[in-house]
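Colleague: This is a predicted model, with the sequence first.
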Amino acid sequence: MSAADTLSAAAAPGPEAVAESALSASTVFYWLLLPAVVLYFIYYRLQRRRMYELADKIPGPPGLPVLGNALSFIGKNEEIFERVYTMSFEFGSVVKTWIGPKLLIFLTDPRDVELILSSNVYIDKSTEYRFFKPWLGEGLLISSGQKWRSHRKLIAPTFHLNVLKSFIDLFNANSRDVVNKLRKEGTKTFDVHDYMSECTVEILLETAMGVTKSTQDKSGYEYAMAVMKMCDILHLRHTKLWLRPDWLFNLTRYGTEQVKLLDVIHGLTKKVLKKKKEEFQKGGGAKRYIASEQTDTAAAAALSANKGLRDDLDEQDENDVGQKKRLAFLDLMIESAQNGVVLTDEEIKEEVDTIMFEGHDTTAAGSSFFLSMMGIHQDIQDKVIQELDEIFGDSDRPATFQDTLEMKYLERCILETLRMFPPVPVIARQLHEELKLASMDVTLPAGCTVVVGTYKIHHREDIYPNPEVFNPDNFIPEKTADRHYYAFIPFSAGPRSCVGRKYAMLKLKIILSTILRNYRVYSDLTEKDFKLTADIILKRAEGFKVRMQPRVRRSAAVKAH
Ligand code: HEM
């Protein structure tokens, strides 16, 4: 050994010394970490002190330390739905639950709901909507602030009554297509939702997006199926605590599946956009719908689901003076972008994804529930058929806008379906400011999530006597006049109401009347057998099982009496 080696061996610390210094470093670290965690915890509690104080005054089930009531949200979708619904009977119209540190407050009194939905302050969506972001980006459903305001102003007129009227032929053609497709089921029991889903996607592609049938392929069906699976995943993320953090979710098989599903979904929207832009650049410009008539105010009101409530859609229909050029949704988006409105390609894509999702799954669920109810209530189906026979006689002619105004009983049946089975069963908002409720002496704390329980409100016995009975007479004018406006909110209400409300009502009337002019619907189950599942959109867990029999029409002479 050289002298230098001897020196360095003497200077270097031995193995024991290294272990000792490492131990002391980790000891110091833990000594510092512990008070840091304790201090952070104290700060966190102090910061939320007001929230805890106010929450203490709100009734709700007792929770476990740290987890709160998170265990109530474990299990199959249909079990969670049942559990949360049962809880609403125990604690009244204002109920709190804690999912870990997150405070959720369920509201089911129309007076309280009005405070939230009619307000221009409480319009921000809850943080749960962030799970939609990889899919819908900052589209109308989840955006907030100035972006939401300006996009809403741009998009709402594309659902103007005069644009909707120009869609009637396409609604009719697609409804006839679905009638033909249903033939292959014969008289056996099948799930009608698949048909409704595909049909609504195709209608959206043709009407809102302006993509002609000849350019479509199987992608409409694939898209509809991918949307259904995406909704399942999003629902899981709402209810399973461990799927909430993105980094953890991305490691699971659900994260991998989401990537594949979004490929299908965005694949279609990108294709639609590309095609539209090419058409535009070829010089054809956008497709124009020109209002050739002034809007009939009564007709506009007839498409309002909740006759007493007005929103920006009613205003634009009623204040439309003279001839105006009107564009369908995607045409307007592209033309606006060309004409200098600040709208990037990404923003257009996000709005297309939003309209495709919101406009499709909701209507598919609504129409499938409607057909299920017709299958169960043969006497009510008789009355709908009688009304349709009076309007159309034996003719196979397509429905006109005027015909849809005469489908008064059918309309009541659609509204009653949306009451009993609102496709969007809850609406959630984030509160940034405190809110004093109207129904009881309680103030909701800033920072909580408010869940408007549409399903529960629609099933309140004091508002709808015998709420579990399908009764279209709940919507005769005398009854609706007596009810609180916010007691029927399938399309939400106020500034963030559904922008496609009138489009949906018109489309539903045409599809459903066309089906019932051609088939009689039967069901072997009753509503008591339904297992409801709220995977974002309310559905039947067992599928929408019905049977259909081609109708033998009565002769016109018999019908006249
Ligand atoms: C029966 C059919 C439908 C029902 C029950 C329904 C229901 C709703 C509800 C409850 C909301 C509010 C959601 C929330 O605040 O979380 C909403 C928003 C929305 N709906 Fe619909 N919808 C239907 C059909 C449609 C259609 C056909 C379209 C478009 C073609 C559409 C487009 C939208 C959009 C873009 C929003 C977001 C509006 C905003 O935040 O400004 N919906 N819908």
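Modeller: Yes, it's here.
Colleague: my guess is T158 contacts S336, does it?
Modeller: No. If you go by C-beta atoms under 8 Å, T158 and S336 don't touch, sitting 10.2 Å apart. (C-beta placed from N, C-alpha, C; glycine too.)
Colleague: To what extent is I74 buried, counted in neighbours?
Modeller: If you count neighbours by other C-beta atoms under 10 Å, I74 ends up with 12.
Colleague: Now do the contacts for the residue in the chain that the ligand sits nearest to.
Modeller: Proximity of the chain to the ligand (C-beta to the nearest ligand atom) peaks at G500, 2.1 Å away. By C-beta atoms under 8 Å, 6 or more residues apart in numbering, the contact set of G500 is F159, I355, E358, G359.
Colleague: Kindly recompute the last result at 10 Å.
Modeller: Residues near G500 by C-beta atoms under 10 Å, 6 or more residues apart in numbering: 155-156, 158-159, 164, 204, 208, 313, 329, 355, 358-359, 362-363, 491, 507.
Colleague: same check, this time on L236
Modeller: So L236 contacts N77, F131, L243, F249, T252, Y254, D535 (C-beta under 10 Å, 6+ apart).
Colleague: Check the gap between it and K229 for me.
Modeller: 11 Å (C-beta to C-beta, to the nearest Å).
Colleague: Could I get the full set of strands for the protein?
Modeller: For the chain, strands defined by DSSP state E occupy the ranges 94-99, 102-107, 190-191, 288-290, 325-327, 427-430, 435-436, 443-444, 449-452, 519-522, 532-535, 537-540, 545-550.
Colleague: Show the average pLDDT along the third one.
Modeller: Spelled out, it's strand 190-191. In this model, strand 190-191 has a mean pLDDT of 97.
Colleague: quick thing: my sequence starts at 17, can you match it?
Modeller: Taking 17 as the first residue, the last one we looked at is strand 206-207.
Colleague: Run through who's touching that strand.
Modeller: Applying C-beta under 10 Å, 6+ apart, the external contacts of strand 206-207 come out as 198, 200-201, 213, 384, 556, 558-564.
Colleague: Redo the contacts of L252 as JSON lines? Include neighbour count, distance to P441 and pLDDT.
Modeller: Below are the contacts of L252 laid out as JSON lines (neighbours: other C-beta atoms under 10 Å; distance: C-beta to C-beta, whole Å; pLDDT from 0 to 100):
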{"residue": "N93", "neighbour count": "19", "distance to P441": "11", "pLDDT": "70"}
{"residue": "F147", "neighbour count": "23", "distance to P441": "17", "pLDDT": "91"}
{"residue": "L259", "neighbour count": "18", "distance to P441": "20", "pLDDT": "89"}
{"residue": "F265", "neighbour count": "18", "distance to P441": "24", "pLDDT": "94"}
{"residue": "T268", "neighbour count": "15", "distance to P441": "26", "pLDDT": "95"}
{"residue": "Y270", "neighbour count": "16", "distance to P441": "22", "pLDDT": "96"}
{"residue": "D551", "neighbour count": "23", "distance to P441": "10", "pLDDT": "70"}
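Colleague: Model confidence for the residue nearest the centre of the chain, exactly?
Modeller: By C-alpha atoms, centre = their mean, the chain has its centre lying nearest to V440, at 4.8 Å. As predicted, V440 sits at a pLDDT of 95.
Colleague: who's in contact with it?
Modeller: With contact set as C-beta under 10 Å, 6+ apart, V440 has these partners: 374, 377-378, 381-382, 434, 468, 470-471, 505-508, 514, 550, 552-554.
Colleague: what do you get for T379?
Modeller: 212-213, 215-217, 219-220, 439, 516, 519-521, 523-524, 527.
Colleague: what does G161 give?
Modeller: Counting by C-beta under 10 Å, 6+ apart, G161 has contacts I139, D140.
Colleague: That one and Q446: what is the separation?
Modeller: Going from G161 to Q446 by C-beta to C-beta gives 12 Å.
Colleague: swap in D128?
Modeller: 16 Å.
Colleague: neighbour-wise, which of the two wins?
Modeller: Ranked by neighbour count (other C-beta under 10 Å), D128 and Q446 place D128 first, with 24 against 18.
Colleague: so how far is stretch 161-178 from its chain's centroid?
Modeller: Put simply, stretch 161-178 sits 18 Å off its chain's centre (C-alpha atoms, centre = their mean, to the nearest Å).
Colleague: what comes up buried for that stretch?
Modeller: For stretch 161-178, the neighbour count (16 or more other C-beta atoms under 10 Å) marks W164, H167, L170, I171, A172, P173, T174, F175, H176, L177, N178 as buried.
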